[in-house]
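Undergrad: predicted model and sequence follow; I will ask about them next.
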Amino acid sequence: DAGVTQSPTHLIKTRGQQVTLRCSPISGHKSVSWYQQVLGQGPQFIFQYYEKEERGRGNFPDRFSARQFPNYSSELNVNALLLGDSALYLCASSLGVGRAYEQYFGPGTRLTVT
Amino acid sequence: AQTVTQSQPEMSVQEAETVTLSCTYDTSESDYYLFWYKQPPSRQMILVIRQEAYKQQNATENRFSVNFQKAAKSFSLKISDSQLGDAAMYFCAYGRRDDKIIFGKGTRLHILP
């Protein structure tokens, strides 16, 4: 079975631009979480979605938003990019609420903001 | 708030030897999970081992085992018979059934041939 997939693999944006990152969960998984991993740090939680509804939000500004589609795939949007948004963005999927301890991670999208 | 602390930014071990990575955490909850994740240069976050807090028995997965000390809030990872493929960043993490995973800052493990 395919694991969690993310696209694109990496991209470069300019300050002030907007970016959309995509994630497809493992088949049968209904929950998607997003994490930001700045170089040299551990991942930090951004959002969790389940059945198209936001179930959790980390300490990130409103420039960060996400949504989940009927097929359980998800998009993370970041507006008005700052240099500090440069990071590896990880998506993780799990079966659903109550199973957050069984999260499987995708390979990540490396975002560079110049 | 829950926190996870890894006090060893880097460690090195000779191939075939044993190494222990340290981790402490803080929580007021009684029902939670602890994890060790491996992140090689490929960036893929791979679950190495998971421990359920209510289980007293330490988790083991082949060459990987943990020493879970709940009262001391300590959760160390022991890698036996280290192999070159074990070289990676290792993250200790904490999670609950319905919540996000909280990661430490990581320990970079070097394997010396």
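TA: Sure, I can see it.
Undergrad: got a list of what the residue lying closest to residue B:2 once chain neighbours are set aside touches?
TA: Excluding the flanking residues, the one nearest residue B:2 by CB to CB, 6 or more residues apart in numbering or on different chains is residue B:27, at 4.6 Å. C-beta: built from backbone N, CA, C; applies to glycine. Shown in contact with residue B:27 (CB atoms under 8 Å, 6 or more residues apart in numbering or on different chains): B:2, B:73, B:94.
Undergrad: against residue A:55, how distant is residue B:27?
TA: 20 Å (CB to CB, to the nearest Å).
Undergrad: next one: phi and psi at residue 37?
TA: I went with chain A, as the question did not name one. The phi/psi pair for residue A:37 (degrees, to the nearest 10) reads phi -120, psi 100.
Undergrad: and for residue B:86?
TA: Per-residue torsions, residue B:86: phi -80, psi -10 (degrees, to the nearest 10).
Undergrad: and it, how far is that from chain A?
TA: According to CB to the nearest CB, to the nearest Å, residue B:86 stands 18 Å off from chain A.
Undergrad: my read: that residue touches residue B:80, true?
TA: No: Residue B:86 is beyond contact range of residue B:80, at 10.2 Å (criterion: CB atoms under 8 Å).
Undergrad: these two: which has the busier surroundings?
TA: Between residue B:86 and residue B:80, residue B:86 has the larger neighbour count (other CB atoms under 10 Å in any protein chain shown), namely 20 against 13.
Undergrad: which helix or strand contains residue 89?
TA: In the absence of a named chain, chain A is used. strand A:87-94 (DSSP states H and E).
Undergrad: you answered for a different chain; I wanted chain B.
TA: Counting by DSSP H and E, residue B:89 is found in strand B:88-95.
Undergrad: in chain A, which residue is closest to the centre?
TA: The centroid of chain A falls nearest to residue A:34 when counting by CA atoms, centre = their mean (3.2 Å).
Undergrad: now that one: closest residue in space that isn't a chain neighbour?
TA: Closest to residue A:34 by CB to CB, 6+ apart is residue A:46, at 4.3 Å.
Undergrad: give me the neighbour count for the one you found.
TA: Around residue A:46 there are 23 other residues, counting by other CB under 10 Å.
Undergrad: now do the SS call for it.
TA: strand (DSSP: H, G, I helix; E, B strand; the rest coil).
Undergrad: quick one: name the residues of chain A near chain B.
TA: For chain A, the residues in contact with chain B (CB under 8 Å from any CB of the partner chain) are A:33, A:35, A:40-45, A:48, A:55-56, A:58, A:88, A:90, A:92, A:97-101, A:103-108, A:110.
Undergrad: many thanks, have a good one.
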